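*Asks:* need coordinates for the following:
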Amino acid sequence: MQMIQQPALVNLVISSGEPAGVGPEVSIAAALAFLQEQPAGTITLLGDPSAFSAVGIPKELSTRLKVESIALTAPVVAGQLNSANAQYVLNILDAAVQGCLEGRFDAMVTAPIQKSVINEGSASSDTLFTGHTEYLAKLCHQEHVVMMLCATLPAGFLDLQKGRDLRVALATTHLPLSAVSGALNYQNILETIQIVDRDLQKKFGIAKPVIRVAGLNPHAGESGYLGREEIDVIAPAIEAAKDLGIEVSGPYPGDTMFDAKSLDGVDAFIAMYHDQGLAPFKFVSFGGGVNVTLGLPIIRTSVDHGTALDIAGKGLADPNSMLEALRLAYQLAINIKNVKNLKI
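*Replies:* So this is what the prediction gives:
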C-alpha cells in the first residue's frame, strides 16, 4: 500500500464480537501477534474478561494489551447462540465508537457478530440490524458510508509480477437482491465514488486514486437490452464524478471488471451489490481480507469472515484476518497522524 511508515504510538481498540463465536479467541490471538511485531502499538480488548481468560497475556505485553471489562448478560457456551447477550454485543460496539470519537483510541477493529441474535434480543434496536456498517454509520451520524474489502494478492498469484492490493467497495450493502435496483440512484452512486476517492486519499495515502465501477446487469445492460440502470443511473453518476476531477471509469460488466492485469492501474473497484463484489474478492483473498468502513469520522476495520460457530472454542479459528485488520488499522491511523502533522 502507498503509505508512509514511521514509528508512532497508535492506540487500537478491538470489539470482540459475538461471545459464542470465534471473535474473542481470534481477537486475543491476533492482538498478541500484532504487539509482538509492532512495538509502537497498544490494544484495548473490549468484552467480558471471561472471554479471554483461556489465554495468558505475557508480562512483557501487559502494559500494551488491556482488557476493558463489559459484562455479559448471560453465561456463554461456545457455539451456542443466546439472544440474551444481544445488548452486550451492542454495548461493546458503542464503547469502541465512543472511545474513537473522544480520541482515546486511534482506530477500532471489529470481530464478527451474529445479526440474527441482535435482531432477536436487543432492547435498543428499534429497526432491523443489518450489519456493522449501517450501525456504525448511525452511531457516527453519517447518512452515507461505504463498505470496502481490502487484501494484498501475493506475487505469482494470477501471474502477478509483484504483490498488489485489491480493494472492492460496494454501492449497496446488506440488501435482498430484489431490492438492489430500487436502492441505486444517481446521488447514491456519485456519493459512493466521492467517498471512495476521498478516503483513498485521506486514509490510504493515494494521491490520485483510479477507480472502476461495475454495471448492475449482465454485460452492463447490453446497451439497454438487458436493463437501463447503466444508461439512466450509473453512467451519468460516473460522468459527474469525472467532472469533479475524479479518475473513474465504467460501467464495466461485473464478470469482466475484475481483471488481474488491471490491478497495476486500479486502486479500487466499486460493485453495485454485495455478492457481485465480495464473491470474486473472497475467492482470491484466502481469508486474509479486511473490511474497512469508508465515510466515517473514525477508522474502522474488521475481519472478512463470520462467527464460525462450528469451530468456536475448539482452538481451530485462524486469527489471520483479524491480524491483517489490526495491521491495516494501524497503517491508516499512521496516515491520519501524518496528515495532521503536515497541517500543523
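*Asks:* when you work out contacts or count neighbours from here on, use the C-alpha atoms and nothing else.
*Replies:* Fine.
*Asks:* neighbours of G17, how many?
*Replies:* Other residues lying near G17 total 25 when counted by other Cα atoms under 10 Å.
*Asks:* same check on A312?
*Replies:* Around A312 there are 22 other residues, counting by other Cα under 10 Å.
*Asks:* repeat that for the one 10 residues further on.
*Replies:* Look at M322: counted by other Cα under 10 Å, it has 33 neighbours.
*Asks:* and it, helix, strand or coil?
*Replies:* The three-state label given to M322 by DSSP: H, G, I helix; E, B strand; the rest coil is helix.
*Asks:* what sits against it?
*Replies:* Residues near M322 by Cα atoms under 8 Å, 6 or more residues apart in numbering: 26-27, 30, 111, 290, 302-303.
*Asks:* could those go into CSV alongside secondary structure and pLDDT?
*Replies:* Output for those, formatted as CSV (DSSP: H, G, I helix; E, B strand; the rest coil; pLDDT from 0 to 100):
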residue, secondary structure, pLDDT
V26, helix, 96
S27, helix, 97
A30, helix, 96
A111, coil, 97
V290, strand, 95
S302, strand, 96
V303, strand, 93
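*Asks:* L226 contacts N217, correct?
*Replies:* Yes: assessed by Cα atoms under 8 Å, L226 is found in contact with N217 at 6.5 Å.
*Asks:* for the helix or strand hosting L93, name the packing helices and strands.
*Replies:* Here L93 sits within helix 86-101, counting by DSSP states H and E. With contacts defined as 3 or more Cα pairs under 8 Å, 6 or more residues apart in numbering; DSSP states H and E, helix 86-101 has these neighbours: strand 10-15, strand 41-47, strand 107-110, helix 115-121, helix 132-139.
*Asks:* quick one: the last one to helix 86-101, angle?
*Replies:* Taking axes from the mean of the first three to the mean of the last three Cα atoms, to 10 degrees, one finds helix 132-139 and helix 86-101 inclined to each other by 60 degrees.
*Asks:* what is the mean pLDDT for the helix or strand following helix 132-139?
*Replies:* Downstream of helix 132-139, the next assigned helix or strand under DSSP H and E is strand 146-153. Averaging pLDDT along strand 146-153 yields 94.
*Asks:* tell me the strands beside strand 146-153, with direction?
*Replies:* Strand 146-153 sits in its sheet next to strand 164-170 (antiparallel), strand 290-294 (antiparallel), going by DSSP bridges.
*Asks:* picking up where we left off before, any residues in contact with both of L226 and N217?
*Replies:* With contacts taken as Cα under 8 Å, 6+ apart, L226 and N217 have no neighbour in common.
*Asks:* output the below-cut-off pLDDT ranges for this protein.
*Replies:* The model of the chain has pLDDT under 70 over residues 1-8, 122-127, 340-344.
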